[in-house]
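**Student:** Okay, here's the prediction I keep looking at, along with the sequence it came from:
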Amino acid sequence: MIKEYSFGAVCYKIVNDEILFLIEHMNLGHYALPKGHQEKGEAADKTALREIKEETNLDVILDTRFSRTVTYSPSYNVIKDVTYYLAKIISNEVKEQVEEVAEILFLPYEKALNILTYDSDKNVLLEAYMYMKKEGV
């Protein structure tokens, strides 16, 4: 059994007092939260920051107090753990990584929740949103 690790984040920005979440429309057709593979020797938070930057060109501040891990099997004999943090977007120069991402969307919570393809991503977004409300974001 091969074990893989990826890290990413529920990324958000606030525009006119409304929270907008970053959703990636991937070239493969699904809608997802940004994430990617950990490189050898790379810290988890650095992986999340690097992957967000590579896929969106955005700079973020991670809140690692929020952390949710999803485990699934992407292919035969492979088990993957994906850990998501919360990330506040602090830059505006968005640019898709054309090799992987077809489009980057900024959506309010309900629309973001409804467009995500996988239930695991929906659950992470829900938990992040509840955490944000509790923390007064």
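**Tutor:** Received the coordinates, thanks.
**Student:** Which strand or helix spans Ile19?
**Tutor:** Ile19 belongs to strand 18-26 when elements are defined using DSSP states H and E.
**Student:** That strand: which residues count as buried?
**Tutor:** Of the residues in strand 18-26, those buried by neighbour count under the rule 16 or more other Cβ atoms under 10 Å are 19-26. Every C-beta, even on glycine, is put in place using the N, C-alpha and C of the backbone.
**Student:** Check stretch 58-67 too.
**Tutor:** Applying 16+ other Cβ under 10 Å to stretch 58-67 flags 58, 60, 62-63, 66-67 as buried.
**Student:** One more: stretch 112-122?
**Tutor:** In stretch 112-122, counting by 16+ other Cβ under 10 Å, buried: 112-113, 115-116, 120-122.
**Student:** Mind exporting the C-alpha coordinates of stretch 128-137 to CSV?
**Tutor:** Only the C-alpha atoms of stretch 128-137 are listed here, as CSV (Å, rounded to 0.1, in the frame of the first residue of the first chain):
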residue,chain,number,x,y,z
ALA,A,128,-14.3,25.8,8.1
TYR,A,129,-17.4,28.1,7.8
MET,A,130,-18.6,27.1,11.2
TYR,A,131,-15.1,27.7,12.7
MET,A,132,-15.0,31.1,11.0
LYS,A,133,-18.4,32.1,12.6
LYS,A,134,-17.2,30.8,16.0
GLU,A,135,-14.0,32.8,15.7
GLY,A,136,-15.8,36.0,14.5
VAL,A,137,-14.2,36.1,11.0
